[in-house]
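Trainee: just to be clear, the model below is a prediction. Sequence and coordinates:
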Amino acid sequence: MKTEVFKIGGGELFAFDGALSRAAKIIKRGGLVVFPTETVYGLGGDATNPESARKIYSAKGRPSDNPLIIHLAKPEDAENYTHTSPLYYKLAESFMPGPLTVILPAKDTVALETRAGLSTVAVRIPENPIARRLIELSGVPIAAPSANLSGSPSPTSAKHVISDMLGRVDMIIDGGDSSFGLESTIVKLEDDGTLTLLRPGKITPEELSLICNVKIADAVTEQLKEGERVLSPGMKYRHYAPHSPLALFDGTLSEMLDFIKRDGVEDIAIISYLEDGEKIKKSLPSADFYPLGGRDNLEEQAHRLFACLREADGKDYKQIYAPLPSTEGVGLALYNRLIRAAAHRIIKPEK
Ligand code: AMP
Ligand code: MG
């Protein structure tokens, strides 16, 4: 398939309405368009069209039992596709448009294939103006998972999308780097008026707790046990796994460097904080260093994480190391993505 790549930037958005109308037409006639959002790039198709959903699973190589998030222009549009509740509107008031996905009981208007046969559907109202304009012009809800091949890190730039999706979709809209860089926070609304956090993101449990009681699903931080029932199908899949094995170190930088030296593996990479670069170069001159961002700058780390994993994965390392992040605030989202990329391999220093 021939993929049109269209760059939007350096001008007012309305100047690009011609291209966005073309993209909207592609969506309406059952085609696929990759578009930027504030979290990561999305691989979009018409959520009401079973054929579009099938095409999305196939373009990503994603198992069709892992449901898609539907993207809407405004919170009230959820009435057409879901059964909402007062708590949904409370969340909308604080966090929409933005990087929060809410799981609600679905109406039949959402194709069964889009929600992978479930009775619920995940809804998000993105903030990115290109995404919003595309949804408005399409006039349909846009089902969009992250626009990466299944198993590789989510794309946060057009370069990542082009490397995974060229020839697999009708159009790619290049809107620059994703501003946040990790996927949305996902919550499920429970019957008793509480929330369960299924995937951490920019909207933190601390912020959600200001609205109602929040329970964090075990699978956010823990490894699933054999045969354990999952609250979200995506939890059971290994994610973002680099080809070279990744291990997380639960200790100080000096302890990590001592461990690596003792371990004696050559051909390694270290993904760590900017401030660590000098010490790493001095102590392990043969190791490649990928700066994640400032130690205390969680937003920068979120913004850089997937690009770091892709860059390091471009080389054939015997081992990649990274520090285990804290689980405070946005740290929980970094922790969740990193432990999955590392297949839960955490090393502790010997005391
Ligand atoms: P992605 O589309 O790549 O951002 O992944 C979407 C995530 O949302 C996956 O982990 C899905 O399993 C999860 N998800 C989507 N719809 C539902 C739903 N109805 N119930 C539970 N999890 C869902
Ligand atoms: Mg994904």
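Mentor: On my side now, so go ahead. Numbers count the residues shown, from 1 in each chain. Ligands and ions are numbered 1, 2, ... in the order given.

Trainee: list the buried ones in stretch 142-155?
Mentor: Buried residues in stretch 142-155, counted by 16 or more other CB atoms under 10 Å: 142-150, 152-155. All C-beta spots, glycine's among them, are computed from the backbone N, C-alpha and C.

Trainee: please list which of those residues are also close to ligand 1.
Mentor: 145-146 (CB under 6 Å from any ligand atom).

Trainee: which one of the buried residues of stretch 142-155 is nearest ligand 1?
Mentor: Nearest to ligand 1, judged by CB to the nearest ligand atom, of those is P145 at 3.0 Å.

Trainee: check whether that closest one really touches I70, as I assumed.
Mentor: No - with contact defined as CB atoms under 8 Å, P145 and I70 do not form a contacting pair (10.7 Å).

Trainee: residue of the stretch 251-351 of the chain closest to ligand 1, please.
Mentor: Proximity to ligand 1, evaluated over the stretch 251-351 of the chain using CB to the nearest ligand atom, is greatest for R340 at 10.8 Å.

Trainee: which other helices and strands does the strand or helix carrying that residue contact?
Mentor: In this structure, R340 is located in helix 331-341 according to DSSP states H and E. Judged by 3 or more CB pairs under 8 Å, 6 or more residues apart in numbering; DSSP states H and E, helix 331-341 is in contact with strand 246-249, helix 298-313.

Trainee: reformat those as TSV; add distance to I280.
Mentor: Output for the helices and strands packed on helix 331-341, formatted as TSV (distance: least, CB to CB, whole Å):
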stretch	distance to I280
strand 246-249	12
helix 298-313	14
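
Trainee: make JSON lines out of these and add distance to ligand 1.
Mentor: Compiled in JSON lines, these are given as follows (distance: least, CB to the nearest ligand atom, whole Å):
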{"stretch": "strand 246-249", "distance to ligand 1": "20"}
{"stretch": "helix 298-313", "distance to ligand 1": "12"}
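
Trainee: CSV for these, including mean neighbour count and mean pLDDT?
Mentor: Below are the helices and strands packed on helix 331-341 laid out as CSV (neighbours: other CB atoms under 10 Å; pLDDT from 0 to 100):
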stretch, mean neighbour count, mean pLDDT
strand 246-249, 22, 96
helix 298-313, 21, 96
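
Trainee: return the residues in contact with the most centrally placed residue in the chain.
Mentor: The residue lying closest to the centre of the chain (CA atoms, centre = their mean) is E183, at 2.6 Å. Contacts for E183 (CB atoms under 8 Å, 6 or more residues apart in numbering) come out as 39-40, 146, 154, 199, 201.

Trainee: so which of the helices and strands packed on helix 331-341 gets nearest R115?
Mentor: Across the helices and strands packed on helix 331-341, R115 has its closest neighbour in helix 298-313 (25.7 Å, CB to CB).

Trainee: and the next helix or strand after the closest one, what other elements does it pack with?
Mentor: Per DSSP H and E, the first helix or strand lying C-terminal to helix 298-313 is strand 319-323. Here strand 319-323 touches strand 246-249, helix 253-263, strand 268-273, going by 3+ CB pairs under 8 Å, 6+ apart.

Trainee: if we use 6 Å, what do you get?
Mentor: In terms of contacts (3 or more CB pairs under 6 Å, 6 or more residues apart in numbering; DSSP states H and E), strand 319-323 is packed against strand 246-249, strand 268-273.

Trainee: for the first one, output the C-alpha coordinates as PDB.
Mentor: This means strand 246-249. Taking C-alpha atoms only, strand 246-249 is exported to PDB below (Å, rounded to 0.1, in the frame of the first residue of the first chain):
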ATOM      1  CA  LEU A 246      17.000  -4.900  29.700                       C
ATOM      2  CA  ALA A 247      17.600  -5.100  33.500                       C
ATOM      3  CA  LEU A 248      16.600  -2.500  36.100                       C
ATOM      4  CA  PHE A 249      18.800  -1.700  39.000                       C
END
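
Trainee: who's in contact with it?
Mentor: With contacts defined as CB atoms under 6 Å, 6 or more residues apart in numbering, strand 246-249 is touched by 256, 320-324, 338, 341-342, 345-347.

Trainee: roughly how far apart are the residue of the chain found nearest ligand 1 and L198?
Mentor: Closest to ligand 1 within the chain is G234: 1.8 Å, counting by CB to the nearest ligand atom. Taking CB to CB, to the nearest Å as the measure, G234 falls 8 Å from L198.

Trainee: ok, S244 next?
Mentor: Separation of S244 from L198 (CB to CB): 29 Å.

Trainee: and the helix or strand V161 falls within, how far out from the chain middle?
Mentor: Following DSSP H and E, one finds V161 within helix 158-165. Offset of helix 158-165 from its chain centre (CA atoms, centre = their mean, to the nearest Å): 15 Å.

Trainee: next to ligand 1, which bits of the chain? Give me the list.
Mentor: So the chain meets ligand 1 at 66-69, 103, 115, 118, 120-122, 145-146, 183, 186, 198, 232-234 (CB under 6 Å from any ligand atom).
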